[in-house]
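Asker: Fold the following, please.
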Amino acid sequence: MAPTGEFCGIDPGEMGQLATSLSGGADRLTAFSKEFEAKLRQHGISTPALREIADIADWGRTQVSMLHGRIDLIKTLGNGAPELGGGGGRSPLVRLPDELEGFETAQGLARMYGDDILVNHSGELQAALIHDHSDEVAQLAKNPQAAAAFFALLPAKVRDSLPSLIAGTGSKTAKKDLAAFSEALGAALRAPTLVPAFAKVKSDLVKPAGSKTAAWNRLALLKGANAPSGVRSAAARTLALDEFAKKPRQDWRAAGPTETKAYGLPSDLVAMGLEVLAGDGAAARDAFAKMGGADVKLSQAEKMKRFLDYAKSTGNGDEVADAFGRALEAGTGSTTEKPGRHSPEAAAFTLDAMKVAGSFGDDLPRIAKDSMVTIAKSYIHELASGARFDKAVDRASGMGVPENWIALPGVTPTFYLSPGDTHRFLKTFVGDKRLTNDFDATAAQFRHDTLKAAARLDAQGGSRYFEDTARVFGDLASVEFKATLDVRGERDATDDLIRDITKNTFALGIDRIPLMGPLADEGVKAGWELAKAYGISTALDGWADSFETRVEEVTGARSDFVLRQKYDVAHILHEAGYPASEPPAELISKSTGNLKTYDELLAEAKREASDDKKWEHVLREKMTPYERWMDSNERLDKKIEYSSQFLTSEQAKEQLRVWN
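Answerer: Presented below is the predicted three-dimensional model:
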């Protein structure tokens, strides 16, 4: 295709005159050859040259037919083009890309489907014919202007019912076949609109469809098109969501079981509108901002809540909640932007989304909970800062930095949640163990990396970032587990926490030590699970004693989760290079060359224990040089003690009663 900056003009009138001239010339050549051939034969003269002239005339007539076909094609594709004449003049030229061969291919496919396959056949034969040529349609995506011509030439009635027509054949390849049409449409929509007639197609896609069924078909075609954000937003709004924002209480079913089974798409038109937004953050944000137009006075948050209310009240609730959750994932940038570095647009959208979802808490539709944990992992910086009780405890959630706030290295929120909103949002998914584990893996790694970075900074300048960061993660762990207790109840939440600690720590029975690779990841995760246990240990009357008892019931081993807290902190500080004397040789691991972990010391103690000497006594002997080494390094020792106290503080839980 010629570059879009170049002019490729075709004058159908001049081309018609050329065809007329060529036709007349062919007729004259034919008459000439016949006349002279007859005269020469009378004299016995051979006439091969005259036969060649006759062949030229025949060729001319085929070209006349081709030219007339191209004239019709050019006029059709140029329909809607503005006059190109300048200076007040008018020009008959039609501007098109230099793609006549591709346009003719598109025309052939459009006629095949629009005038034959989709209107003159049915059943298995129709299904086979659709599938046999679907690859040719998909190939149009490589030539976007030819794809545009195909849809411009396809009858509008056929185009607007493609999904239903394909599914109605009973084809087993319906999903793949529709994807071919969507792929070609997407290519045409993403390219510059150089085929004037396609402008109408593009315009029609985002106009009211006249019925819910027609609207569903348009959205189904757009679903797999990867259309531009503006088209997605406009189509979703015009075909479904604007009307939903105005009048949500109506029957939104738009497709039957044939279509939903063939494509795995929802029957609910509202859900289909959300499906088109899913995967495109700009489209989702634009649609929620403009939904309903000037007639709807709802805030963005109120619009979000309307979808969840509808999902909980309709028989199609799972379809709506699932699509809504994925539309929120897109709008929040959770799958496309980096945690701690979200764009202002995505952050503002997420603040509303978190507050709305949090207002439902555990009552959020189950199928939307997966999306909430995706958002939570991406916005771990915001949740960590949202759980803070050391500064601006009376803050309201918002985009601005709270008064007297002190930022911490490595924690870079794009907005600021209140402790109450943080707690409520965590409740949207902590009732599901699988989702909690998913979030905890992210929180654990973030805690470890941020503490380690804070320790390095403190090692350089004598700051107290490590203690303050430890307090933040102690608060987050505490608020998360408090949310878990609220949703699941004390016994269920506690037993799961015990099982997690058992799974991730050698101290409670795992016969391996987290040193490197996947095992190191288990060590990082264990630190987070233990942080939750530290943080909640005195939240409830007698909880600590109850926890110890439950550990013994579940594992047959006593819990040393409080004991190991100090050594966990010491190991992170030493690993980060915090200034201290060299540890005694017996504290250096032969496997890693670094300070031994608490798990390593415990493993040694259990191996060396005997009938005469219990492992607890051996462990005490091994911990004695550890304690003496820490005591001899006053700065390190104070940092360990203070940080351990912050991590075990119940302040977050107690204050949550007031500030939730």
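Asker: Now for residue 377, how many residues are close by?
Answerer: Using other C-beta atoms under 10 Å, residue 377 has 18 other residues around it. Every C-beta, even on glycine, is put in place using the N, C-alpha and C of the backbone.
Asker: Skipping its backbone neighbours, what lies nearest it in space?
Answerer: Nearest non-adjacent residue to residue 377, counting by C-beta to C-beta, 6 or more residues apart in numbering: residue 442, 4.2 Å away.
Asker: counting contacts, what elements does the host helix or strand of the one you found pack onto?
Answerer: Secondary structure assignment for residue 442, by DSSP states H and E: helix 433-461. When contacts are defined as 3 or more C-beta pairs under 8 Å, 6 or more residues apart in numbering; DSSP states H and E, helix 433-461 packs onto helix 369-378, helix 380-386, helix 465-488, helix 490-504, helix 517-536, helix 563-575.
Asker: Tell me how far the residue nearest to residue 377 lies from residue 425.
Answerer: Using C-beta to C-beta, to the nearest Å, residue 442 is found at 15 Å from residue 425.
Asker: So between the two, which is more surrounded?
Answerer: Using other C-beta under 10 Å as the criterion, residue 442 and residue 425 rank with residue 425 on top: 30 against 17.
Asker: my read: the more buried one touches residue 372, true?
Answerer: Yes. Here residue 425 reaches residue 372: they are 7.4 Å apart, a contact under C-beta atoms under 8 Å.
Asker: got any residues that touch both of these two?
Answerer: Counting by C-beta atoms under 8 Å, 6 or more residues apart in numbering, the shared contacts of residue 425 and residue 372 are residue 357.
Asker: where does the protein have low pLDDT?
Answerer: Residue ranges of the chain with pLDDT under 70: 1-73, 76, 80-96, 498, 501-523, 526, 530, 534-565, 644-660.
Asker: can you map out the strands along it?
Answerer: With DSSP state E, the ranges of strands along the chain come out as 9-10, 94-95.
Asker: rewinding a little: ok, which of the helices and strands packed on helix 433-461 comes nearest residue 239?
Answerer: Between residue 239 and the helices and strands packed on helix 433-461, the tightest spacing by C-beta to C-beta is seen for helix 369-378, at 22.8 Å.
Asker: Tell me how far that closest one lies from the chain's centre.
Answerer: 11 Å (C-alpha atoms, centre = their mean, to the nearest Å).
Asker: and what of stretch 135-149?
Answerer: 27 Å.
Asker: Endpoints of it, how far apart?
Answerer: Taking C-alpha to C-alpha, to the nearest Å, stretch 135-149 runs 17 Å from one end to the other.
Asker: Report the buried residues of it.
Answerer: 136-141, 143-149 (16 or more other C-beta atoms under 10 Å).
Asker: Between the helices and strands packed on helix 433-461, which one is closest to residue 79.
Answerer: Residue 79 sits nearest to helix 369-378 of all those, at 43.8 Å, using C-beta to C-beta.
Asker: just the angle between the closest one and helix 433-461, please?
Answerer: 0 degrees (axes from the mean of the first three to the mean of the last three C-alpha atoms, to 10 degrees).
Asker: quick one, helix 369-378 and helix 465-488 angle?
Answerer: Using the same axes, to 10 degrees: helix 369-378 against helix 465-488 is 170 degrees.
Asker: Could you name the helices and strands sitting against helix 369-378?
Answerer: If contacts are counted by 3+ C-beta pairs under 8 Å, 6+ apart, helix 369-378 sits against helix 317-332, helix 344-360, helix 419-426, helix 433-461.
Asker: Put together CSV for those helices, with distance to residue 182 on each row.
Answerer: Output for those, formatted as CSV (distance: least, C-beta to C-beta, whole Å):
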stretch, distance to residue 182
helix 317-332, 17
helix 344-360, 26
helix 419-426, 35
helix 433-461, 31
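Asker: Of all the ones you listed, which one comes closest to residue 218?
Answerer: Here helix 317-332 is closest among these (C-beta to C-beta), at 16.2 Å.
Asker: Which residue, other than its chain neighbours, is closest to residue 328?
Answerer: Residue 328 sits nearest to residue 353 (C-beta to C-beta, 6+ apart), 5.0 Å away.
Asker: ugh, typo on my part, it should be residue 310
Answerer: Residue nearest to residue 310 in three dimensions, not counting chain neighbours: residue 248, with 5.5 Å by C-beta to C-beta, 6+ apart.
Asker: now do residue 643
Answerer: Residue nearest to residue 643 in three dimensions, not counting chain neighbours: residue 470, with 4.0 Å by C-beta to C-beta, 6+ apart.
Asker: Just confirm that neighbour contacts residue 569, I think it does.
Answerer: Yes. Shown here, residue 470 and residue 569 form a contact pair, counting by C-beta under 8 Å, at 7.1 Å.
Asker: So those two - more neighbours on which side?
Answerer: When neighbours are counted by other C-beta under 10 Å, residue 470 and residue 569 differ, and residue 470 comes out ahead with 28 against 24.
Asker: roughly how far apart are that one and residue 623?
Answerer: Distance of residue 470 to residue 623, computed by C-beta to C-beta: 21 Å.
Asker: separation between the residue lying closest to residue 219 once chain neighbours are set aside and residue 216?
Answerer: What sits nearest to residue 219 in space, not counting adjacent residues and going by C-beta to C-beta, 6+ apart, is residue 272, at 4.3 Å. Distance of residue 272 to residue 216, given as C-beta to C-beta: 6 Å.
Asker: Could you tell me which residues touch both of the two?
Answerer: 254-255.
Asker: check contacts around residue 274.
Answerer: When contacts are counted by C-beta under 8 Å, 6+ apart, residue 274 touches 236, 241, 307, 320, 323-324, 326-327.
Asker: Actually, residue 452.
Answerer: When contacts are counted by C-beta under 8 Å, 6+ apart, residue 452 is found next to 572, 575-576.
Asker: Surely residue 222 touches residue 183?
Answerer: No. With contact defined as C-beta under 8 Å, residue 222 does not reach residue 183; the gap is 11.7 Å.
Asker: Just want to know which of those two has more residues nearby.
Answerer: Neighbour comparison, residue 222 and residue 183: the larger count goes to residue 222, with 24 against 21 (by other C-beta under 10 Å).
Asker: Now do the buried residues in stretch 110-123.
Answerer: Neighbour-count burial for stretch 110-123 [16+ other C-beta under 10 Å]: 110, 113-114, 117-118.
Asker: Next, format these as TSV and append distance to residue 403.
Answerer: Formatted as TSV, the buried residues of stretch 110-123 follow (distance: C-beta to C-beta, whole Å):
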residue	distance to residue 403
110	64
113	65
114	65
117	68
118	65
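Asker: Please consider this matter closed, and thank you.
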